[in-house]
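Asks: got a predicted model here, sequence first, then my questions.
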Amino acid sequence: MDYLELMKLNKPYASCDLDMPNEYQITSKKLCFEYNHTAPDETEKRRQILSKLFGTSNDNAIIEPSFRCDYGFNIHLHGFVFINYNCVFLDTSPIHLGKNVYIAPGVCLSCAGHAILPEQRAEAIGTSAPIIIEDDVWIGANVTIIGGVTIGKGSVIGAGSVVTRDIPSGVIAYGNPCKVRREITENDRINPIKL
(Lines give C-alpha, C1' and ligand atoms only; values in the text may rest on other atoms or scores of the structure.)
Protein backbone atom coordinates (compact mmCIF):
# COMPACT_ATOMS: atom_id res chain seq x y z
CA MET A 1 0.00 0.00 0.00
CA ASP A 2 1.37 3.44 -0.88
CA TYR A 3 0.98 6.63 1.14
CA LEU A 4 -1.88 7.96 -1.00
CA GLU A 5 -3.92 4.77 -0.44
CA LEU A 6 -3.26 5.02 3.30
CA MET A 7 -4.49 8.63 3.36
CA LYS A 8 -7.75 7.68 1.64
CA LEU A 9 -8.65 5.00 4.18
CA ASN A 10 -11.44 5.71 6.65
CA LYS A 11 -9.13 4.56 9.46
CA PRO A 12 -6.72 6.33 11.81
CA TYR A 13 -3.03 6.00 11.01
CA ALA A 14 0.41 7.24 12.08
CA SER A 15 3.09 8.30 9.64
CA CYS A 16 6.11 10.45 9.01
CA ASP A 17 5.01 13.81 7.61
CA LEU A 18 8.14 13.87 5.47
CA ASP A 19 6.57 11.12 3.33
CA MET A 20 3.49 13.20 2.43
CA PRO A 21 2.90 13.48 -1.34
CA ASN A 22 3.89 17.12 -1.91
CA GLU A 23 2.57 17.39 -5.48
CA TYR A 24 -0.99 16.98 -4.19
CA GLN A 25 -0.50 19.80 -1.67
CA ILE A 26 0.84 22.09 -4.38
CA THR A 27 -2.16 21.32 -6.61
CA SER A 28 -4.64 21.94 -3.78
CA LYS A 29 -2.94 25.20 -2.78
CA LYS A 30 -3.13 26.45 -6.36
CA LEU A 31 -6.80 25.49 -6.65
CA CYS A 32 -7.62 27.10 -3.29
CA PHE A 33 -5.77 30.25 -4.37
CA GLU A 34 -7.69 30.33 -7.63
CA TYR A 35 -11.01 29.72 -5.85
CA ASN A 36 -10.34 32.39 -3.22
CA HIS A 37 -9.67 34.94 -5.94
CA THR A 38 -12.87 34.40 -7.92
CA ALA A 39 -15.47 37.15 -8.13
CA PRO A 40 -18.71 36.60 -6.19
CA ASP A 41 -20.68 36.17 -9.44
CA GLU A 42 -18.30 33.56 -10.95
CA THR A 43 -20.51 30.67 -9.85
CA GLU A 44 -19.66 28.34 -12.72
CA LYS A 45 -15.92 28.93 -12.36
CA ARG A 46 -16.19 28.14 -8.64
CA ARG A 47 -18.04 24.88 -9.40
CA GLN A 48 -15.36 23.85 -11.87
CA ILE A 49 -12.58 24.51 -9.36
CA LEU A 50 -14.35 22.55 -6.61
CA SER A 51 -14.91 19.61 -8.97
CA LYS A 52 -11.13 19.48 -9.53
CA LEU A 53 -10.26 20.05 -5.87
CA PHE A 54 -12.63 17.73 -3.99
CA GLY A 55 -12.86 13.95 -4.08
CA THR A 56 -16.67 14.24 -4.24
CA SER A 57 -18.42 17.50 -5.05
CA ASN A 58 -21.76 18.68 -6.40
CA ASP A 59 -23.33 21.74 -7.95
CA ASN A 60 -25.20 22.55 -4.72
CA ALA A 61 -22.13 23.41 -2.62
CA ILE A 62 -21.71 27.01 -1.49
CA ILE A 63 -18.26 27.80 -0.13
CA GLU A 64 -17.39 31.37 0.77
CA PRO A 65 -13.74 32.40 0.35
CA SER A 66 -11.37 32.17 1.95
CA PHE A 67 -11.23 28.38 2.05
CA ARG A 68 -8.11 26.28 2.58
CA CYS A 69 -7.35 22.58 2.66
CA ASP A 70 -4.30 20.32 2.59
CA TYR A 71 -5.17 17.98 -0.29
CA GLY A 72 -8.80 18.33 -1.40
CA PHE A 73 -9.13 14.80 -2.80
CA ASN A 74 -10.02 13.63 0.73
CA ILE A 75 -13.02 16.00 1.02
CA HIS A 76 -16.38 14.50 0.08
CA LEU A 77 -19.63 16.48 -0.15
CA HIS A 78 -22.75 14.29 -0.19
CA GLY A 79 -25.42 16.91 -0.95
CA PHE A 80 -26.07 20.59 -0.32
CA VAL A 81 -23.33 22.04 1.89
CA PHE A 82 -22.82 25.65 2.98
CA ILE A 83 -19.32 26.52 4.21
CA ASN A 84 -18.98 30.11 5.37
CA TYR A 85 -15.91 32.40 5.39
CA ASN A 86 -12.40 31.48 6.54
CA CYS A 87 -12.68 27.72 7.01
CA VAL A 88 -9.72 25.32 7.05
CA PHE A 89 -9.93 21.56 6.36
CA LEU A 90 -6.76 19.58 7.16
CA ASP A 91 -7.75 16.53 5.12
CA THR A 92 -4.89 14.10 5.69
CA SER A 93 -7.73 11.55 6.11
CA PRO A 94 -11.18 11.59 4.51
CA ILE A 95 -13.67 14.28 5.54
CA HIS A 96 -17.29 13.41 4.73
CA LEU A 97 -19.99 16.08 4.86
CA GLY A 98 -23.59 14.86 4.59
CA LYS A 99 -26.44 16.71 2.92
CA ASN A 100 -27.74 19.99 4.35
CA VAL A 101 -24.63 20.65 6.42
CA TYR A 102 -24.06 24.24 7.51
CA ILE A 103 -20.58 25.29 8.59
CA ALA A 104 -20.17 28.78 10.10
CA PRO A 105 -17.17 31.11 9.69
CA GLY A 106 -13.77 30.20 11.10
CA VAL A 107 -14.34 26.44 11.45
CA CYS A 108 -11.32 24.10 11.44
CA LEU A 109 -11.71 20.40 10.62
CA SER A 110 -8.35 18.83 11.51
CA CYS A 111 -7.78 15.19 10.66
CA ALA A 112 -4.06 15.74 11.24
CA GLY A 113 -2.29 15.59 14.57
CA HIS A 114 1.27 15.44 15.85
CA ALA A 115 3.05 12.98 18.11
CA ILE A 116 2.81 13.70 21.84
CA LEU A 117 6.42 12.72 22.59
CA PRO A 118 8.84 15.54 21.62
CA GLU A 119 11.38 13.17 20.07
CA GLN A 120 8.69 11.74 17.79
CA ARG A 121 7.54 15.24 16.79
CA ALA A 122 11.17 16.01 15.94
CA GLU A 123 11.06 13.03 13.57
CA ALA A 124 7.90 14.51 11.95
CA ILE A 125 5.73 11.60 13.14
CA GLY A 126 2.08 12.51 12.99
CA THR A 127 -1.36 11.00 13.22
CA SER A 128 -4.50 11.26 11.15
CA ALA A 129 -8.09 10.08 11.45
CA PRO A 130 -11.24 10.76 9.40
CA ILE A 131 -14.00 13.23 10.28
CA ILE A 132 -17.64 12.46 9.47
CA ILE A 133 -20.37 15.09 9.69
CA GLU A 134 -23.74 13.45 9.02
CA ASP A 135 -26.82 14.98 7.34
CA ASP A 136 -28.53 18.14 8.64
CA VAL A 137 -25.74 19.22 11.02
CA TRP A 138 -25.00 22.86 11.90
CA ILE A 139 -21.46 23.68 13.07
CA GLY A 140 -21.23 27.09 14.81
CA ALA A 141 -18.59 29.77 14.30
CA ASN A 142 -14.96 29.08 15.25
CA VAL A 143 -15.49 25.41 16.08
CA THR A 144 -12.55 22.99 15.91
CA ILE A 145 -13.25 19.32 15.19
CA ILE A 146 -10.35 16.88 15.52
CA GLY A 147 -9.71 13.65 13.63
CA GLY A 148 -11.65 10.53 14.52
CA VAL A 149 -14.87 12.42 15.35
CA THR A 150 -18.35 11.77 13.96
CA ILE A 151 -21.12 14.36 14.42
CA GLY A 152 -24.51 12.62 14.35
CA LYS A 153 -27.41 13.53 12.08
CA GLY A 154 -29.31 16.73 12.89
CA SER A 155 -27.05 17.89 15.72
CA VAL A 156 -25.91 21.45 16.43
CA ILE A 157 -22.41 22.31 17.67
CA GLY A 158 -22.26 25.65 19.51
CA ALA A 159 -19.85 28.41 18.54
CA GLY A 160 -16.30 28.19 19.85
CA SER A 161 -16.49 24.50 20.74
CA VAL A 162 -13.59 22.06 20.55
CA VAL A 163 -14.97 18.66 19.53
CA THR A 164 -12.72 15.80 20.64
CA ARG A 165 -15.31 12.97 20.85
CA ASP A 166 -18.25 11.71 18.82
CA ILE A 167 -21.52 13.63 19.19
CA PRO A 168 -24.77 11.63 18.84
CA SER A 169 -27.67 12.53 16.56
CA GLY A 170 -30.29 15.12 17.42
CA VAL A 171 -28.53 17.06 20.17
CA ILE A 172 -27.13 20.47 20.99
CA ALA A 173 -23.52 20.26 22.13
CA TYR A 174 -21.01 22.95 23.01
CA GLY A 175 -17.99 23.80 25.12
CA ASN A 176 -14.31 23.07 25.41
CA PRO A 177 -14.26 20.15 25.41
CA CYS A 178 -17.58 19.91 23.58
CA LYS A 179 -20.27 18.05 25.55
CA VAL A 180 -23.88 17.16 24.85
CA ARG A 181 -26.09 19.68 26.67
CA ARG A 182 -29.56 18.53 25.62
CA GLU A 183 -31.67 16.92 22.93
CA ILE A 184 -33.25 18.96 20.16
CA THR A 185 -37.04 19.00 20.69
CA GLU A 186 -40.18 20.46 19.17
CA ASN A 187 -39.74 23.40 21.58
CA ASP A 188 -36.82 24.50 19.36
CA ARG A 189 -39.14 25.13 16.38
CA ILE A 190 -39.06 28.72 15.11
CA ASN A 191 -42.32 30.23 13.88
CA PRO A 192 -41.22 32.90 11.42
CA ILE A 193 -43.37 35.96 10.76
CA LYS A 194 -45.03 35.64 7.38
CA LEU A 195 -45.17 38.80 5.30
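Replies: Done, it's in.
Asks: enumerate every residue touching the residue nearest the centre of the chain.
Replies: Most central in the chain under C-alpha atoms, centre = their mean is L109, positioned 4.1 Å from the mean C-alpha point. Counting by C-beta atoms under 8 Å, 6 or more residues apart in numbering, L109 touches 87-91, 95, 131, 145. The C-beta positions use only the backbone N, C-alpha and C, and glycine is treated the same way.
Asks: mind listing the strands the one helix or strand it maps to pairs with, and their directions?
Replies: Using DSSP states H and E, L109 sits within strand 108-110. Taking DSSP bridges as the criterion, strand 108-110 sits next to strand 87-90 (parallel), strand 144-146 (parallel) in its sheet.
Asks: make JSON lines from the ones you listed and add mean neighbour count and mean pLDDT to it.
Replies: Converted to JSON lines, the strands paired with strand 108-110 look like this (neighbours: other C-beta atoms under 10 Å; pLDDT from 0 to 100):
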{"stretch": "strand 87-90", "mean neighbour count": "22", "mean pLDDT": "98"}
{"stretch": "strand 144-146", "mean neighbour count": "22", "mean pLDDT": "98"}
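Asks: so where's the chain uncertain?
Replies: 17-21 (pLDDT under 70).
Asks: hmm, 90 instead?
Replies: In the predicted model, the chain carries pLDDT under 90 at residues 1-25, 58, 60, 123-126, 195.
Asks: all helices for it, in order.
Replies: With helices called from DSSP state H, the chain shows them at 3-7, 22-36, 43-53, 118-122.
Asks: and the second one, what does it pack against?
Replies: So the one you mean is helix 22-36. helix 43-53, strand 67-69 (3 or more C-beta pairs under 8 Å, 6 or more residues apart in numbering; DSSP states H and E).
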